[in-house]
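Undergrad: need coordinates for the below:
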Amino acid sequence: MIVFRDLADIPGDFGPSAVAIGKFDGVHAGHRAVIERLEERAAEGGLRTVAVTFDRNPLAVIRPDRCPENVVTVDRKIALLGELGLDATLLLTFDEKLAAESAEDFVSQILVGALKVATVLVGADFRFGHRGAGTPDLLRELGPRYGFTVEVIDDVYLPGSERRVSSTWIRELLLEGDVAAAARVLGRAPDVRGEVVHGLKRGRELGFPTANLSAVVDAFVPADGVYAGWLVDHDTGIRHPAAISVGTNPTFDDVLERQVEAHVLGETGLDLYGHDVTVEFTERLRGMVAFEGMEKLARQIAADVADAERVLGLSRD
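TA: Sure, this is the predicted structure:
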């Protein structure tokens with residue numbers, strides 16, 4: 001997938017294209033349905049498939065007091081879009097200049113002038129241009145003038161659910177630690193990626209060494225607690241089953257920042273320091289609590305490991 005970070009990066013002969021526009025935060029099941037439809041429309045017309053998105057949530061500029069935390073970082077969003085088979089993504093810098101651009105200028109300069117758009121796909125609640133004046137109805141009005149068609153994609157609902165799939169819902173589920181439900185809304189397991197760094201080595205002292213992720217990760221970290229999941233080592237390509245801890249370890253008072261650490265099940269001698277890894281969350285086992293001493297903590301970790309093995313289908317029982 002080609003990534004255009006400026007209109008000047010787009011070749012003059014690029015297109016014609018089928019374009020989907022949105023924040024695409026999390027690239028969740030609803031976004032994937034839009035991209036699937038985009039690919040169908042592109043195949044029918046022999047068009048290039050393009051996602052148009054932004055380098056930040058527009059609310060970060062327009063209403064920073066109301067801007068939520070992103071489900072994924074911009075780089076992760078681009079990577080996830082790239083996995084969907086798109087020809088290109090246009091990543092627009094959402095600053096005060098773009099926020100002030102009129103809706104028609106957005107259409108004429110970006111969609112028509114740069115991308116040679118032939119069809120546009122948006123959600124029913126999509127807004128663009130100065131003060132959100134651009135709507136699906138305005139796109140339909142401008143389409144005949146500029147030579148493109150418009151398709152408004154219906155909200156996506158999970159089977160048996162009356163709530164539409166959204167990034168807001170995903171954040172709520174992750175804040176509750178309900179990673180299993182978040183996986184259904186995302187269409188993939190929630191995960192975080194980062195570098196393994198040195199920690200306090202308490203897990204090793206207790207007989208359960210852990211891989212501690214750096215504080216800088218690429219996605220929204222679920223609620224404090226203990227989880228069953230997987231550690232994917234990108235340096236070796238190996239996917240390891242794991243028991244995962246998120247939090248500040250309240251048994252002690254010397255951990256100031258929330259940490260994600262994973263104990264690889266069935267392995268004690270792995271050296272993962274400096275490795276680029278992804279930690280995938282499958283199911284929450286319990287919340288984070290303080291224990292009276294190392295012995296009680298060690299017994300609980302042993303029970304957590306057994307629960308994780310059961311959840312991941314590794315238990316011998």
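
Undergrad: centre of the chain versus the helix or strand hosting residue 120, how much separation?
TA: When elements are defined using DSSP states H and E, residue 120 is found to belong to strand 117-123. Its chain's average C-alpha position is 23 Å from that of strand 117-123, according to CA atoms, centre = their mean, to the nearest Å.

Undergrad: only alpha carbons, please: show that strand as CSV.
TA: Written as CSV, here are the backbone C-alpha positions of strand 117-123 (Å, rounded to 0.1, in the frame of the first residue of the first chain):
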residue,chain,number,x,y,z
VAL,A,117,-12.3,10.2,-7.5
ALA,A,118,-15.1,8.3,-9.3
THR,A,119,-17.0,7.0,-6.2
VAL,A,120,-17.0,8.1,-2.6
LEU,A,121,-18.0,5.9,0.4
VAL,A,122,-18.8,7.5,3.8
GLY,A,123,-20.8,6.7,6.9
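
Undergrad: partner strands of the host helix or strand of residue 90 and their direction?
TA: In this structure, residue 90 is located in strand 88-92 according to DSSP H and E. Based on DSSP bridges, the strands next to strand 88-92 in the sheet, each with its direction, are strand 2-4 (parallel), strand 48-54 (parallel).

Undergrad: residues contacting that strand, please?
TA: Counting by CB atoms under 8 Å, 6 or more residues apart in numbering, strand 88-92 makes contact with 1-5, 7, 10, 14, 17, 48-55, 74, 78, 81-82, 98, 110, 114-115, all of which sit outside it. No exception for glycine: its C-beta is placed from N, CA and C like everyone else's.

Undergrad: residue 193 should be in a helix, yeah?
TA: No - if the criterion is DSSP: H, G, I helix; E, B strand; the rest coil, then residue 193 is strand and not within a helix.

Undergrad: OK, contacts around it?
TA: Each residue near residue 193 by CB under 8 Å, 6+ apart is listed here: 76, 217, 218, 219, 234, 276, 277, 278, 279.

Undergrad: so which of those sit within helices?
TA: Assignment to helices by DSSP state H places the following of these there: residue 76.

Undergrad: go through the contacts of residue 193 and flag which are in strands.
TA: Among the contacts of residue 193, the ones falling in strands (DSSP state E) are 276, 277, 278, 279.

Undergrad: nearest spatial neighbour of the first one, chain-adjacent residues omitted?
TA: This points to residue 276. Ranked by CB to CB, 6 or more residues apart in numbering and with sequence neighbours excluded, the top spatial neighbour of residue 276 is residue 234, at 4.4 Å.
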